Structures are given as C-alpha cells and as structure tokens.
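Peer 1: Next comes the sequence, and after it the predicted model I'd like to discuss.
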Amino acid sequence: MSIFEKRIIDLTELQNYEFIQFLRVEILDVQGYGPTFFGHVRYALNDVEQEESLPMDLSKGIFIATLTDDQLGDIPRKKLEDTLQEASVKIIEIVRKDPNMQTLVPDYDYPMYDEDYSNEKLSSVSGSILESILKEKDYSYLKYDEDRSKPPDLLRCRVRDPESPRQVEDIFQIAQKLRDKTGENYVVAYGGSSNPGDNLDEVWSGFSLRKFDFKKVSSK
C-alpha cells in the first residue's frame, strides 16, 4: 500500500494569462505526516496542456523551475518570469484557502514537551538534535550536512554513499522526530540528480528540513 496520496487543488479561478494557463496543483500527502508543501503545477501553453509540470515550493511561495528556451518559443523570458512571479502569489492564496489543506496541516501549537527551546537556543541545538536522530540504526546511511545548513531554519542531510539503498519514508520519519523533539514545524523537501524516467523516491541524494509556521504565513 502506498504511503502517498495525491491532493489536487483546482486553479480554474485563477485568471488565464496571455500565453499560459495554470490548471491545478498536485500535492503529495504522506500517510501519517501530512502534506509535503511541495507541489507540481499543471499548466497549458496557448490552451494546450503540457505533459510536464512546474514544481513549486509551497512553503516559500515560489516556482523552483521554469520553462526551457525551446518551450518558450517567441515568448520573452522576462515576460514569463514576471508572469510566474505574479501567479505564484495567487496560487499560494488558493492553496491556503483549500479546506483539505487546512485540515491536513497538523497543529503545532502544543507545549515544548520537557524543554523550552527559545529560537536562540534552538539555533544552537537543532543541528545536534538532528545528528542524534541520524545516529539511530536505520538512518546510518545519512549524514547531517552542516556546511549547507542554517539552523534552526534550514537543516540539510545527504546520503553518504551514492550506492546506498534508501527509503523515502525515512525522511518523513526523521522530520516527525525532529518536530517531536523541538516542538517546531519542519517541512520536507528531497531530491537530487536524476534522469527522465527515474523514480525520485529511489534516486534522491539529499533532503532539507525547513522550519515553517503555516498559520503565521496564512494570516498575512
């Protein structure tokens, strides 16, 4: 049984731009952990739906990929980038209004368990907390990437050996353990170098855990 469920949010209320139409957002929901906050935006160019999608970081409200020159054709790149920037704001507004997303987002307003982590203290200990989690037997193939982390807001991990077998479910287990130990909402992104046709769940080489207050952003 798959641990993933695809959530689809319709974007038909979003205006059609001159050359591009945003159709829907597909978001993976991980059983027991909630939405990943990374989605794929399906779109059409000149009313023709495209096979690929545009990945979007829903926690930061930005597209994390764009169109190639071949896809653009005669469309000026600046016009595309301006359109993506404008549309991303409206897409995030639609996503955050969706009742399913509101229901799926866990409530992280609970007490800090046994320790009271101020942001200053969390900054100094969050990396150590993550390292202690990674020392558990099942996660020995992973390493805390201290050089590319910015605790407590961004923590990164990588696979030690490219040949190591890996389980994408481990990422979400680690994120949940980090939430439990800090009382903070850390959301997940994972990826790495891949080729067309690769299963990202099998070839990912690293992941990041970003501290995120969904309720605070939604209230702006």
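Peer 2: Done, it's in.
Peer 1: got the contact list for Thr36?
Peer 2: Applying C-beta atoms under 8 Å, 6 or more residues apart in numbering to Thr36 gives the contacts 27-30, 187-189. Bear in mind the C-beta positions are built from the backbone N, C-alpha and C, glycine included.
Peer 1: Quick check: nearest residue in space to Ser53, chain neighbours excluded?
Peer 2: Leaving aside its chain neighbours, Ser53 sits nearest to His40 (3.8 Å; criterion: C-beta to C-beta, 6 or more residues apart in numbering).
Peer 1: State the next helix or strand along the chain beyond whichever strand or helix holds that neighbour.
Peer 2: Using DSSP states H and E, His40 sits in strand 34-45. In the C-terminal direction, the helix or strand that comes right after strand 34-45 (DSSP H and E) is strand 48-49.
Peer 1: As a check, name the ranges of all strands in this structure.
Peer 2: Listed from the start of the chain, the chain has strands (DSSP state E) covering 4-10, 20-30, 34-45, 48-49, 54-57, 62-63, 142-144, 154-159, 186-191, 206-211.
Peer 1: which one of those lies closest to Phe172?
Peer 2: When the strands of the chain are compared by C-beta to C-beta, strand 20-30 sits nearest Phe172, at 5.0 Å.
Peer 1: if we can go back for a sec, want to throw the strands of the chain into a markdown table with mean pLDDT?
Peer 2: Shown next, in a markdown table, are the strands of the chain (pLDDT from 0 to 100):
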| stretch | mean pLDDT |
| --- | --- |
| strand 4-10 | 81 |
| strand 20-30 | 86 |
| strand 34-45 | 81 |
| strand 48-49 | 90 |
| strand 54-57 | 84 |
| strand 62-63 | 82 |
| strand 142-144 | 95 |
| strand 154-159 | 93 |
| strand 186-191 | 84 |
| strand 206-211 | 89 |
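Peer 1: Rebuild those strands as CSV, extending it with distance to Ile94.
Peer 2: Below are the strands of the chain laid out as CSV (distance: least, C-beta to C-beta, whole Å):
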stretch, distance to Ile94
strand 4-10, 6
strand 20-30, 8
strand 34-45, 11
strand 48-49, 19
strand 54-57, 12
strand 62-63, 15
strand 142-144, 35
strand 154-159, 26
strand 186-191, 19
strand 206-211, 21
